[in-house]
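Asker: Make a model of this:
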Amino acid sequence: MREEYDFNGGVRGAHADAYRADSPTTIREDDFEMKAEYDFSNGVRGAHTQRFQELNLVSLDDDVKVAFPDSEAVNTALRLLMKSSMEAEQSVEFPKAS
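Answerer: Modelled structure (predicted):
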């Protein structure tokens with residue numbers, strides 16, 4: 001292991017200033033060597049994208065997260081809203097077109 005990758009006794013954030021935009025950062029070419037056991041020659045681009053496209057992820061604002069801390073709470077509230085919306089539609093009688 002390289003000395004710079006040995007974090008024993010390290011301090012969290014000790015080198016954070018080196019990664020700021022106004023500080024010079026040195027990137028060495030040998031940091032980007034691909035190990036021999038990483039063989040992507042038979043890889044298929046996008047092989048797992050379908051699985052992630054099927055996920056229905058939404059981002060909740062902080063004030064909403066307080067009221068709905070998990071997916072069960074969100075789903076319960078949405079089902080209640082759907083139910084009351086359907087009941088409201090059924091209770092309204094629209095005049096028939098003549």
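Asker: Now do the helices in this protein.
Answerer: Assigned by DSSP state H, the helices in the chain fall at 49-53, 62-67, 71-91.
Asker: Those into JSON lines, with extra columns for distance to Lys35?
Answerer: Placement of C-beta: from N, CA and C, glycine included. As requested, the helices of the chain are exported to JSON lines (distance: least, C-beta to C-beta, whole Å):
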{"stretch": "helix 49-53", "distance to Lys35": "25"}
{"stretch": "helix 62-67", "distance to Lys35": "40"}
{"stretch": "helix 71-91", "distance to Lys35": "38"}
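Asker: To Asn42, which of these lies closest?
Answerer: Nearest to Asn42, of all the helices of the chain, is helix 49-53, at 17.6 Å by C-beta to C-beta.
Asker: Mind exporting the C-alpha coordinates of the worst-scoring helix or strand of the chain on mean pLDDT to CSV?
Answerer: In the chain, no helix or strand scores lower on mean pLDDT, DSSP states H and E than helix 49-53, which sits at a mean of 78. The C-alpha trace of helix 49-53 is given here as CSV (Å, rounded to 0.1, in the frame of the first residue of the first chain):
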residue,chain,number,x,y,z
THR,A,49,-30.2,0.1,-16.6
GLN,A,50,-33.7,-1.5,-17.1
ARG,A,51,-33.7,-2.5,-13.4
PHE,A,52,-33.1,1.1,-12.3
GLN,A,53,-35.5,2.6,-14.8
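Asker: That one: which residues count as buried?
Answerer: For helix 49-53, the neighbour count (16 or more other C-beta atoms under 10 Å) marks no residue as buried.
Asker: All set, thanks.
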